[in-house]
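Visitor: Show me how the following folds:
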Amino acid sequence: MSLGLTRAEDVDFPLRWGIMGTGEIARQFVSAARECSGATIAAVSSRSADNAHAFAQDHGVEKAYDTYKDMVAAPDIDVVYVSTPGDVHKEHSLMAIEAGKHVLCEKELTNTLADGEAMYTAAEQHNVMLQDGVWTRFFPAVEHARHLIEARAIGDVVMVQAAFTVLYTAQAVTLAYGDAKPTNIQVGGKQGAAGGAMLEFENDRFAFLTFVAFQSEFHEVTEFIGTRGRITLEEPGHCPTALTVRIPPVTPSRYMNGNTPSPLQRFEYPPPDSIRMPRPFPNQQGFIYMVEAIHRCLAAGLRECPQFSKAESLHLLELIGAIYSMRAETK
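Guide: Below you'll find the predicted structure:
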């Protein structure tokens, strides 16, 4: 919206959503998405007809379909949210795309770069949106951070530090360094356990990523460290509602300014308090930001959201594929 490509009022643009999958993420998505003024949660489908009907009854969805194919064929569905397991994201996204529906596919989009390219090609052929559901990018705090980075408010970014899963930490790297490809990757740790990666880029730029052991009291922040300042996406860094910006008169501030800490500005972006959901994951209400962006973009005739474009989606798939392959070697 800040780029002038969409209008704020187009969150009212009417779209009828079909939900593919009935797991926990689908439940929380529906709770948030229905708060978008233009959204109607019109249908749900599951691999089990019983699950689809139970979900519809429990969550006030207008209609349940016995099969995925029946739902995507319905003429009154405009956009499909694919929240099925990752191994079938490609199959289910293509099913909806080939039926002429726009698609929001839950991250990870798919397993390989080649599959991602095939999915985007199909979307282009059918003139529909395929949006990679990296919801982090739609949080106001993250959009603010991106604006600051692109405006060089903190100078040249020379280091990214992030902690959480591979996907969430890697998307922070692409946010900071764009389409730059690492010249060197070193990975440690095993799949499903604590680990990390160091990524080296041209011009003496690095990223240090920590892959947390989920059953631990981990510290989850994301930081962009530049030659003139530092941006911190506060906990939880993958869905932040606050960021802190430090731009001192000289850098490094403590070493060049008598151990005086850098002045800071903190910006708060609390999630909408109108959204109520039982047992949410942290800031799960933030799904609303992604849903509203899709309504605005489709109203404007766009087939991708600038917060996370096709090009960046494919670049991320390539990056995490490289990291996953190296982690697999350490099993």
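
Visitor: hang on, isn't Thr222 packed against Ala172?
Guide: Yes: with contact defined as CB atoms under 8 Å, Thr222 and Ala172 form a contacting pair (4.9 Å). Placement of C-beta: from N, CA and C, glycine included.

Visitor: shared neighbours, the two?
Guide: Both Thr222 and Ala172 are contacted by Val160, Ala162, Gly237, under the criterion CB atoms under 8 Å, 6 or more residues apart in numbering.

Visitor: mind listing what the nearest residue to the last one once chain neighbours are set aside touches?
Guide: When you say that, I think you mean Gly237. Once flanking residues are discounted, Gly237 sits nearest to Thr222: 3.8 Å by CB to CB, 6 or more residues apart in numbering. Listed by CB under 8 Å, 6+ apart, the contact set of Thr222 reads Val160, Gln161, Ala162, Ala163, Thr169, Ala172, Thr232, Leu233, Gly237, His238, Pro240.

Visitor: then stretch 4-18 to CSV, C-alphas only?
Guide: The C-alpha atoms that make up stretch 4-18 are tabulated as CSV, following Å, rounded to 0.1, in the frame of the first residue of the first chain:
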residue,chain,number,x,y,z
GLY,A,4,0.9,3.3,-4.1
LEU,A,5,-0.1,0.1,-5.8
THR,A,6,-3.2,-0.5,-3.8
ARG,A,7,-5.8,1.4,-1.8
ALA,A,8,-6.6,1.0,1.9
GLU,A,9,-10.3,1.0,1.3
ASP,A,10,-10.0,-2.1,-1.0
VAL,A,11,-10.0,-4.4,2.0
ASP,A,12,-13.7,-4.2,1.2
PHE,A,13,-13.2,-5.8,-2.1
PRO,A,14,-15.4,-8.9,-2.0
LEU,A,15,-13.8,-12.3,-2.1
ARG,A,16,-15.3,-15.7,-1.3
TRP,A,17,-12.7,-17.9,0.3
GLY,A,18,-12.5,-21.7,0.1
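
Visitor: Let me know how buried Pro236 is, in neighbour terms.
Guide: When neighbours are defined as other CB atoms under 10 Å, Pro236 has 20 of them.

Visitor: Stretch 106-119: end-to-end distance?
Guide: For stretch 106-119, the first-to-last residue distance is 14 Å (CA to CA, to the nearest Å).

Visitor: Who are the contact partners of His144?
Guide: Contacts were defined as CB under 8 Å, 6+ apart; by that measure His144 touches Leu243, Phe267, Tyr269.

Visitor: Just the buried ones from those, in ChimeraX syntax?
Guide: Selection of buried members from the contacts of His144 for ChimeraX, criterion 16 or more other CB atoms under 10 Å:
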select :243,269
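
Visitor: possible to save the contacts of His144 as TSV with distance to Ser93?
Guide: Shown next, in TSV, are the contacts of His144 (distance: CB to CB, whole Å):
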residue	distance to Ser93
Leu243	32
Phe267	35
Tyr269	30
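
Visitor: now, which of the contacts of His144 sits nearest Ile323?
Guide: Distances from Ile323 to the contacts of His144, taken as CB to CB, are shortest for Leu243 (25.2 Å).
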